[in-house]
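S.K.: this is a predicted model, with the sequence first.
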Amino acid sequence: MSPFLSFSEPVQAALSEKRPVVALESTIIAHGMPWPQNVETALRVEKIIRDNGAVPATCGIIHGKLTAGLTLDQLEYMGKNGRQIRKASRRDLPYLISQQQDGATTVASTMIIAHLAGIRIFATGGIGGVHRGAATTMDVSADLQELANTPVAVISAGAKSILDLGLTLEYLETQGVPVIGFETSDFPAFFARKSGFNVDYRLDTPHDIARLLDTKWKLDNKGGVLIANPVPEKWALDADLIEQTIAQAVVEAEKAGIHGKALTPFLLSRIEQLTGGNSLATNIELVCNNAVLGAQIAVNL
């Protein structure tokens with residue numbers, strides 16, 4: 001894969017010296033948050049990972065290169081150009097690479113880059129999943145199939161609460177993806193700490209999680225692991241209020257005919273407007289919280 005893959009110097013050095021590395025996505029920079037909070041958050045998350053003993057590897061596609069470890073200039077390029085940069089999932093990689101274009105990586109494509117680079121741990125905000133109304137739209141995120149097939153552990157605040165969380169968990173169960181709750185038995189709902197759905201297993205230390213990952217991959221047990229880490233209580237939003245807000249945003253998206261890749265960015269942006277910016281603050285804090293846990297797991301692994 002060397003013709004298609006490039007590394008920043010710090011990431012390449014860490015991998016060659018077998019030091020812990022944590023992958024990060026770039027869709028959250030280009031599509032998930034406005035400028036300049038997007039780049040400020042990206043830099044804050046990278047610092048958190050360093051402070052906890054690991055090396056950050058923010059992933060993206062730059063001029064057709066799968067890149068593990070974006071430079072400061074590349075991060076700012078992603079942040080300033082925002083949605084002008086294509087949101088890149090698995091299906092987009094051959095096109096973007098062959099046409100030497102840029103792409104902001106989703107959970108699925110970040111997992112692919114991480115796996116190719118030899119990075120086992122990936123911290124993000126929330127994964128994609130089965131969308132509400134998927135029984136008729138068949139709108140299921142490629143993130144779930146990637147978790148079923150690619151041996152990377154994903155630390156998230158559960159799945160985005162704009163999704164059908166029950167069906168998302170059913171899909172993961174069918175695909176054999178373990179869902180681990182960090183210090184919780186209740187699957188977190190991104191903005192809220194609880195969803196009412198159970199995780200498969202609760203583990204209370206990064207060491208225990210690392211031991212599970214090590215065991216899974218030594219067994220040659222296919223695929224990844226979802227590690228659900230609830231948003232800190234201080235930043236959690238009221239579950240009933242956020243559900244009402246999401247329902248309103250979903251109705252507006254349906255009326256506007258917004259679907260596919262454009263749906264999640266629209267919903268997150270509309271929810272931010274409806275909550276007076278509170279959802280953005282929560283989003284930033286939960287990403288930072290996941291970065292801490294990701295680094296701790298990587299160090300233990």
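M.R.: Arrived safely, thanks for sending.

S.K.: specify the local secondary structure of the nearest residue to L5 once chain neighbours are set aside.
M.R.: Of all residues not flanking L5 in the chain, L66 sits nearest, at 4.8 Å (C-beta to C-beta, 6 or more residues apart in numbering). Using the backbone N, CA and C atoms, a C-beta is placed for each residue, glycine as well. Under DSSP: H, G, I helix; E, B strand; the rest coil, L66 falls in the strand class.

S.K.: so for the host helix or strand of Q12, mean pLDDT?
M.R.: Using DSSP states H and E, Q12 falls within helix 9-16. If you average the pLDDT over helix 9-16, you get 97.

S.K.: so which bits of that helix are buried?
M.R.: Judged by neighbour count (16 or more other C-beta atoms under 10 Å), helix 9-16 contains these buried residues: P10, V11, Q12, A14, L15.

S.K.: in JSON lines, list the residues you listed along with distance to S185.
M.R.: As requested, the buried residues of helix 9-16 are exported to JSON lines (distance: C-beta to C-beta, whole Å):
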{"residue": "P10", "distance to S185": "37"}
{"residue": "V11", "distance to S185": "35"}
{"residue": "Q12", "distance to S185": "40"}
{"residue": "A14", "distance to S185": "34"}
{"residue": "L15", "distance to S185": "35"}
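
S.K.: L116: which of the residues you listed is nearest?
M.R.: Using C-beta to C-beta, L15 comes nearest to L116 of those, at 11.3 Å.

S.K.: quick one: that closest one from A114, how far?
M.R.: For L15, the distance to A114 (C-beta to C-beta, to the nearest Å) stands at 11 Å.

S.K.: for I227, same thing?
M.R.: Separation of I227 from A114 (C-beta to C-beta): 14 Å.

S.K.: which residues touch stretch 230-246?
M.R.: Applying C-beta atoms under 8 Å, 6 or more residues apart in numbering, the external contacts of stretch 230-246 come out as 157-158, 161-162, 182-184, 186, 188-194, 267, 271, 274-275, 278-279, 281-282, 285-286, 289.

S.K.: pull out the buried positions in that stretch.
M.R.: Neighbour-count burial for stretch 230-246 flags P230, V231, W235, A236, L237, A239, I242, T245, I246 (criterion: 16+ other C-beta under 10 Å).

S.K.: I'd like the residues you listed written out as a markdown table, with secondary structure, pLDDT and distance to L167 added.
M.R.: Below are those laid out as a markdown table (DSSP: H, G, I helix; E, B strand; the rest coil; pLDDT from 0 to 100; distance: C-beta to C-beta, whole Å):
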| residue | secondary structure | pLDDT | distance to L167 |
| --- | --- | --- | --- |
| P230 | coil | 98 | 21 |
| V231 | coil | 97 | 22 |
| W235 | helix | 95 | 26 |
| A236 | coil | 94 | 23 |
| L237 | coil | 90 | 22 |
| A239 | helix | 83 | 18 |
| I242 | helix | 84 | 19 |
| T245 | helix | 89 | 20 |
| I246 | helix | 84 | 15 |
